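In: Provided below for reference: sequence and predicted model.
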Amino acid sequence: MQRVLRSAIATTDFPAHRLAKMRCSCCLEIMSSAQLLIFGILTATVGMFLWGRWRHDMVAAGALLACVITGLIPAAHAFSGFGHPAVITVACVLILSRGLQTSGAVDVLTRRLLPTDAGPTLTIITLTSLGALLSGFMNNVGALALLMPVAIQMARRLDMPPGRVLMPLSFGSILGGMTTLIGTPPNLIVSGFRTEVGSSGFGMFDFTPVGVVVAVAGVLFITLIGYRLVPNRRAAGEESFDTAAYLTEARVQEGSKSAGKSLHELESQLESAGAQIVGLVRNEVRLYAPGAGRIIQPNDILIIEADAENLATLLSDLGLVLEAAKDAGEESAAAAEDPRTGSTIRADKETKTATNEVVLTELAVLPGSNLVGRSAHNLLLRTRYGVNLLAVSRQGQRVTTRLRALPLRAGDLLMLQGPSEVIAEFASVAACVPLAPRALRIPAPRQAVLAATIMGASVGIAAIGLLPAAIAFAIGVLVSMAFRTIPPRAAYDAVDWPIIVLLACLIPVAGAMETTGAANLVARGILDTVAQGNAIIALAVIMIVTLTLSDVMNNAATAAVMCPIALGTAAQLGVNPDSYLMAVAIGASCAFLTPIAHQNNTLILGPGGFRFGDYWRLGLPLEVIVVAVSLPLVLVVWPL
């Protein structure tokens, strides 16, 4: 057939479109059985992704096993993807991001940068820009999760629907993710495929020249015009979980910012956060109505009334440390823990020690609980159970009793600190029920600085090429675990395992596309039927097809499928493959049309009260801007 086609071309003047059709027909006829198999598996895989009945990692694992069973991938190489540098780097970045979250490093940055009394436009600009900045250096889902409570509070302050703040924040964090190598999994996948053409992977900031300009253009459009396109929706269950203020005790440490100030000065700071000082303890003597001019001294205990969301901020701003309610048996329980550090505690008389990996949990006291009528002092919470009572919330009532002597009632909300397993056992024994999850992060300045330093050092080592990115971030994880900016056990919980499995399974499948020649076949089809041999049109097609696929399937999966096609297209045209890989990175990172296009979009679906069809109103013009801005930039920064 190829000989006949060449003879016809030599003797006849065929129009270009008829020639393209004959070439495609020829390709179909000479398609090998291996190519037919890989196309069939990929078609079924994409179909399963779109159907959404099964999880993406299950579908990816099925595609991998199908390729192994049909002989497209050798059994010995089936799980080679789990050792791929891109997969290792993604896992390590997720762990380091969790360290930034739990240490409070991002909370400090948020408090210093976000305005407290600005109008809608400035507020959304600042919040969206901060989300984009953070997502360049940490997991963008983590960046959004950190800023979502702040966004909802700002929406309430501005009397705006929460979705009009949440959608710009979500889209901004997605845009920010494509500015660095570690900002989003597609960038790491694209970097890994670059090594397939004999080059080293992309550097930490190789994505920055194009990514930053596109992100800035997108953020400006979103914050100046686009947020007005977001539908006015009421969040589902917006009022479903609200509690009264907690009564808690906080100790003034030596060198604290509060020491030497008057109560009046502190109350002025607390007023803006809706909190107040309701008492003071000095030398174990409770002062119920201390005068406003009384000077705070080190080791004083302030009894503060504040809600859970503002508690961590207040402690950090005032330089205070939570004081755990002491029990009657504490004096005989040696090595009692500091509530800030979570050091070893006594769980019972046999001196059983608990782990250092403590958490903060809110429990509601049920009617009939054996806690009712008893206080932390006579319950021996720390000695008997190995947990600390840090705060109590009692709806509609002012509590004047010291925390350790407060008799508990049914309906009280308890903020407890201790190992998660111990608290779970305590809740069962004491007839308490955990409340909806809250981000109760008590600030730890030293840990925050250390977590930020470790992340910065890892980024710097990878950026200057001293070590490969996977190695640099793996070292960062090891150091984080050693210095406990993230507890060792929590490191495994920080990894998004479905994403890891999806990447590890699809990387060998994408390799099978290349080894069977299927990627080149698709590339030739694109060139002949759409681009007509034009490299710039082919680049645009690759970007738009990638972007369209990422709107309906996982962006990491899209990148893994499109990279071999992009490389095949560049090889057919004899042009720079980096341009086409960058087009895939941009297209896979900019999914704005549907709630399933990106985890960030899914995360805001409920809190924003959105429907499936609400995203395209802002997402469609934003995608048009992304293509219009990025295409010429790619041609300039990564010329063909």
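Out: Structure's in. What do you need?
In: so the nearest residue to Phe473 once chain neighbours are set aside, which of the three states?
Out: Nearest residue to Phe473 in three dimensions, chain neighbours excluded: Cys92, at 3.6 Å (Cβ to Cβ, 6 or more residues apart in numbering). C-beta: built from backbone N, CA, C; applies to glycine. Using DSSP: H, G, I helix; E, B strand; the rest coil, the secondary structure recorded for Cys92 is helix.
In: wait, Cys92 sits on Ala470?
Out: Yes - taking Cβ atoms under 8 Å as the definition, Cys92 is a contact partner of Ala470 at 7.1 Å.
In: Those two: who's more crowded?
Out: Cys92 (26 against 22; other Cβ atoms under 10 Å).
In: how long is stretch 148-168 from one end to the other?
Out: 11 Å (Cα to Cα, to the nearest Å).
In: what's in contact with it?
Out: Under the criterion Cβ atoms under 8 Å, 6 or more residues apart in numbering, residues 110, 114, 119-120, 123-124, 127-128, 169, 222-223, 226-228, 230-235, 238, 309, 439, 603-604, 607-610, 614-615, 618 lie in contact with stretch 148-168.
In: what do you get if the cut-off is 6 Å, keeping everything else the same?
Out: With contacts defined as Cβ atoms under 6 Å, 6 or more residues apart in numbering, stretch 148-168 is touched by 120, 123-124, 127-128, 169, 222, 227, 230, 232-233, 235, 604, 607-610.
In: which residue ranges form the strands in the chain?
Out: Assigned by DSSP state E, the chain shows strands spanning 246-252, 276-282, 285-287, 301-306, 320-322, 358-365, 388-393, 413-419, 432-434.
In: what is the orientation angle of the second one with strand 246-252?
Out: For the pair strand 276-282 and strand 246-252, the angle between their directions (axes from the mean of the first three to the mean of the last three Cα atoms, to 10 degrees) equals 50 degrees.
In: how far is stretch 264-277 from where the chain is centred?
Out: 33 Å (Cα atoms, centre = their mean, to the nearest Å).
In: And stretch 418-434, by the same measure?
Out: For stretch 418-434, the distance to the chain centre is 28 Å (Cα atoms, centre = their mean).
In: mind exporting that stretch as PDB, just the C-alpha atoms?
Out: Extracted as PDB, the C-alpha positions of stretch 418-434 are listed here (Å, rounded to 0.1, in the frame of the first residue of the first chain):
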ATOM      1  CA  GLY A 418      -3.300  13.500  72.900                       C
ATOM      2  CA  PRO A 419      -2.400  10.600  70.600                       C
ATOM      3  CA  SER A 420      -5.200   9.900  68.100                       C
ATOM      4  CA  GLU A 421      -5.600   6.300  69.200                       C
ATOM      5  CA  VAL A 422      -5.800   7.300  72.800                       C
ATOM      6  CA  ILE A 423      -8.400  10.000  72.200                       C
ATOM      7  CA  ALA A 424     -10.500   7.600  70.100                       C
ATOM      8  CA  GLU A 425     -10.400   5.000  72.900                       C
ATOM      9  CA  PHE A 426     -11.200   7.700  75.500                       C
ATOM     10  CA  ALA A 427     -14.200   8.900  73.400                       C
ATOM     11  CA  SER A 428     -15.600   5.400  73.300                       C
ATOM     12  CA  VAL A 429     -15.100   4.800  77.100                       C
ATOM     13  CA  ALA A 430     -16.400   8.200  78.200                       C
ATOM     14  CA  ALA A 431     -19.400   8.300  75.800                       C
ATOM     15  CA  CYS A 432     -18.300  11.300  73.800                       C
ATOM     16  CA  VAL A 433     -18.600  11.800  70.100                       C
ATOM     17  CA  PRO A 434     -16.100  13.500  67.800                       C
END
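In: Quick check: buried residues in that stretch?
Out: Neighbour counts using 16 or more other Cβ atoms under 10 Å place 418-419, 422-423, 426-427, 430-432 of stretch 418-434 among the buried residues.
In: need those residues in a markdown table with pLDDT and distance to Val530, can you?
Out: Below are these laid out as a markdown table (pLDDT from 0 to 100; distance: Cβ to Cβ, whole Å):
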| residue | pLDDT | distance to Val530 |
| --- | --- | --- |
| Gly418 | 78 | 61 |
| Pro419 | 78 | 59 |
| Val422 | 81 | 62 |
| Ile423 | 82 | 59 |
| Phe426 | 83 | 64 |
| Ala427 | 81 | 60 |
| Ala430 | 81 | 67 |
| Ala431 | 76 | 67 |
| Cys432 | 79 | 63 |
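In: Nearest to Ala463, out of the residues you listed: which one, please.
Out: Among these, Pro419 lies closest to Ala463 (Cβ to Cβ), at 37.8 Å.
In: tell me which residues form a beta bridge with that closest one?
Out: Beta-bridge pairing of Pro419 under DSSP bridges involves Val358.
In: Roughly how far does it sit from Ala61?
Out: Pro419 is 33 Å from Ala61, where distance means Cβ to Cβ, to the nearest Å.
In: what does Val252 give?
Out: Val252 is 55 Å from Ala61, by Cβ to Cβ.
In: Break this protein into its domains for me.
Out: For the chain, automatic domain parsing gives the domain ranges 2-79+502-637, 88-174+191-236+445-497, 246-322, 330-434.
In: mind putting those domains in CSV, distance to Thr184 included?
Out: As requested, these are arranged in CSV below (distance: least, Cβ to Cβ, whole Å):
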stretch, distance to Thr184
domain 2-79+502-637, 5
domain 88-174+191-236+445-497, 6
domain 246-322, 28
domain 330-434, 29
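In: Which one of these has the poorest average confidence?
Out: Of all these, domain 330-434 carries the lowest average pLDDT, namely a mean of 65.
In: ok so, going back, which one's more surrounded, Val252 and Ala61?
Out: For the pair Val252 and Ala61, the greater number of neighbours falls to Val252 (26 against 17), based on other Cβ under 10 Å.
In: circling back: and which of the buried residues of stretch 418-434 is nearest Ser32?
Out: Taking Cβ to Cβ as the measure, Ser32 lies nearest Pro419 of these, at 57.9 Å.
In: Might you report the residue contacts of Ser129?
Out: So Ser129 contacts Val219 (Cβ under 6 Å, 6+ apart).
In: Tell me the spacing between it and Leu169.
Out: Ser129 sits 10 Å away from Leu169, going by Cβ to Cβ.
In: What is the neighbour count of Ile125?
Out: By other Cβ under 10 Å, neighbour count at Ile125 equals 20.
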